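Trainee: Task: produce atomic coordinates for the following.
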Amino acid sequence: MNDEHTLLARIDERVGGIIERLDKQNGNVAKLQGQVNNHETRLAVDEDNIEDLRKRPSATRAIIVFGAIISFLLGLFTYVSARGQTVIDVNTLTFRDDIKTSTVEIAEQTFKVKAWDAEMSIGLSSELTPLSVTGRSVTTVNLKDRVLISAEECSHDIYAINDGALEWSIIYKEHPGKNVFTYPIETNGLEFWYQPHEVVPDSPEVIAAFMEQFGEYIPPYRPDSVKGSYAVYHATKYNNHIRADGTEENYGTGKAFHIYRPKAWDSKADTVWCEIKVDVKAGTLVLTVPQVFLDKAKYPVTIDPTFGYTGVGASNVTISNSYCAANVDDVQTYTASTGDNITNFHWYGKQYSASRNIDMAIYSMPGGTIDGGSRLAAAATIVVTATEEQWTVIDVDQDLVNAVKYAVVHGRPSGTIVGKYDAAGTDSRYTGYTLPDTWTEASTQTRRYSFYATYTEAGGDEVIPSRRRKLLIGEIR
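Mentor: Residues are numbered from 1 along each chain as shown. Sure thing, here's the model as predicted:
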């Protein structure tokens, strides 16, 4: 009889642990406990049944206990499945916006972030494998829009948040005994651009033009969450393309996602900025939490890197009518074939204080450089009326010349306007008010602006939607 009580106690203890983990994630302890209690009332062997068991032959008792265990487990499975929650091996979160579909594949010891045909895989083995080897529990639970990978010392909580970003919360129940956490990564087809804490100001010529026009210089702005972060771009894809067979391939700015500067906080809600370092060659992602914070924290402590699905730059730049700029990295340029043309331009940003215009055009790149390149056609004027940041599109019909390499340019705003960029790649500057017939390069900086073009191949008029990315927050399948 003691064995039966021990077995039932172990089952009850295990269920209690599962319930506790589910409760922590859903934040609805009372409701969940009530539901589980109902199942336990119906499925568990109560005191009267136990007393009845004592009076039965041992063989009969064993059959009844075994049946009760099976019924209980089936009931628990029904309960969990009814809530869309099951113990899983692999899960997929899907994020979509107007350009690409990004997916996050999650398993017990790794999760993989994908955009287009590029991907980054982050291994959690440094945290979870030792727990498994020593026989301690590692449990993976699907909570509809999140996945909880839980072990004794730490948990990994991976879930979607309202703006379509992916949160990766690493939760330590007690002091981890270290402040540097290294995770193995593998990447394919991606470039990682570190966003410095210090924002590089514009050239002296641009600053002088600002001062002459406004009496003050408005420097670029980088939010604290972006300082020390990484902008992640596709290594070879940029712009939108409508192929000759009508297939539409949308890469936009080429930005896959953004790894924001992580934060840590404790149960008292004390917070601190952390450091993140991605070393593609070494194959590591390293998180560093200030040692003083960990020593003084009230546990549990959460370390919280965020992966934004965004396809636009994370820093702001105030653009005046003092200069024009071109994205000139090889990945951002386009070499035309016979019959190709440009069908629209896309520009991301907002007005500064009133409706503004900004011009866009493309220039040839003789010898692979835009310096000395010619403007293909008259500039297209985009009217920016939005007070909130968004994409503005203008349709054009500009035929390209076979075998000529082109770069996209913006400039000649009708007044001050706010655009977006990342510290990535190289931009070329022309100091002047209007887009010139011939580009004369005045300076360069490490900036990649959030604008691009749609190129249509000859015969590619009828579009077959394909390889598009639309936002769908927190879908798990």
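Trainee: and the residue lying closest to residue 312 once chain neighbours are set aside, what does it touch?
Mentor: Leaving aside its sequence neighbours, residue 312 sits nearest to residue 450 (Cβ to Cβ, 6 or more residues apart in numbering; 4.3 Å). Yep, even glycine has a C-beta here, placed from its N, CA and C like the rest. By Cβ atoms under 8 Å, 6 or more residues apart in numbering, the contact set of residue 450 is 253, 312-313, 347-349, 419-421.
Trainee: May I have the predicted confidence score for residue 450?
Mentor: Reported pLDDT at residue 450 in the predicted model: 95.
Trainee: if I look at it, how far off is residue 197?
Mentor: 21 Å (Cβ to Cβ, to the nearest Å).
Trainee: And residue 325, by the same measure?
Mentor: With Cβ to Cβ as the criterion, residue 325 and residue 197 are 23 Å apart.
Trainee: Which one's more surrounded, the two?
Mentor: Set side by side, residue 325 and residue 197 show more neighbours around residue 325, with 24 against 11, by other Cβ atoms under 10 Å.
Trainee: what about the more buried one, which SS state?
Mentor: Following DSSP: H, G, I helix; E, B strand; the rest coil, residue 325 is assigned to strand.
Trainee: so who does it touch?
Mentor: When contacts are counted by Cβ under 8 Å, 6+ apart, residue 325 is found next to 409-411, 427-430, 447, 449.
Trainee: What does the pLDDT read for it?
Mentor: Looking at residue 325, the pLDDT reads 90.
Trainee: can you pull up the bridge partners for it?
Mentor: residue 410, residue 429 (DSSP bridges).
Trainee: still on that earlier bit, highest neighbour count among the contacts of residue 325?
Mentor: Busiest of those [other Cβ under 10 Å] is residue 409, holding 29 neighbours.
Trainee: That residue contacts residue 361, correct?
Mentor: Yes. Contact criterion Cβ atoms under 8 Å: residue 409 and residue 361 qualify, at 5.3 Å.
Trainee: Just the CA atoms of the host helix or strand of residue 394, as CSV, please.
Mentor: Per DSSP states H and E: residue 394 is located in strand 390-399. What follows is strand 390-399, C-alpha atoms only, in CSV (Å, rounded to 0.1, in the frame of the first residue of the first chain):
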residue,chain,number,x,y,z
GLN,A,390,5.8,54.5,-42.4
TRP,A,391,6.6,53.5,-46.0
THR,A,392,5.7,55.9,-48.8
VAL,A,393,5.7,54.5,-52.4
ILE,A,394,5.6,56.3,-55.7
ASP,A,395,5.1,54.4,-59.0
VAL,A,396,7.4,55.2,-62.0
ASP,A,397,8.1,53.8,-65.4
GLN,A,398,11.8,54.2,-66.2
ASP,A,399,13.6,51.9,-68.7
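Trainee: other SSEs contacting it?
Mentor: Counting contacts by 3 or more Cβ pairs under 8 Å, 6 or more residues apart in numbering; DSSP states H and E, strand 390-399 is packed against strand 341-351, strand 380-384.
Trainee: Under a three-state scheme, what state does residue 267 occupy?
Mentor: Quick answer, by three-state DSSP: residue 267 is coil.
Trainee: can you pull the contacts of it?
Mentor: Contacts of residue 267 (Cβ under 8 Å, 6+ apart): 298-301.
Trainee: Can you give me the distance of it to residue 301?
Mentor: For residue 267, the distance to residue 301 - Cβ to Cβ - is 8 Å.
Trainee: Would you map the strands across the stretch 351-477 of the chain?
Mentor: Along the stretch 351-477 of the chain, the stretches classed as strands by DSSP state E, counting those that start in this stretch are 356-364, 380-384, 390-399, 405-411, 417-422, 427-430, 443-445, 448-449, 451-456, 475-476.
Trainee: average model confidence for stretch 276-295?
Mentor: The model assigns stretch 276-295 a mean pLDDT of 94.
Trainee: just to revisit the earlier point, for the contacts of residue 325, please prepare TSV with the additional fields distance to residue 209.
Mentor: Listed next are the contacts of residue 325 as TSV, based on distance: Cβ to Cβ, whole Å:
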residue	distance to residue 209
409	18
410	16
411	12
427	17
428	17
429	11
430	12
447	17
449	18
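Trainee: nearest to residue 355, of those?
Mentor: Set against residue 355, the nearest of these by Cβ to Cβ is residue 410 (16.7 Å).
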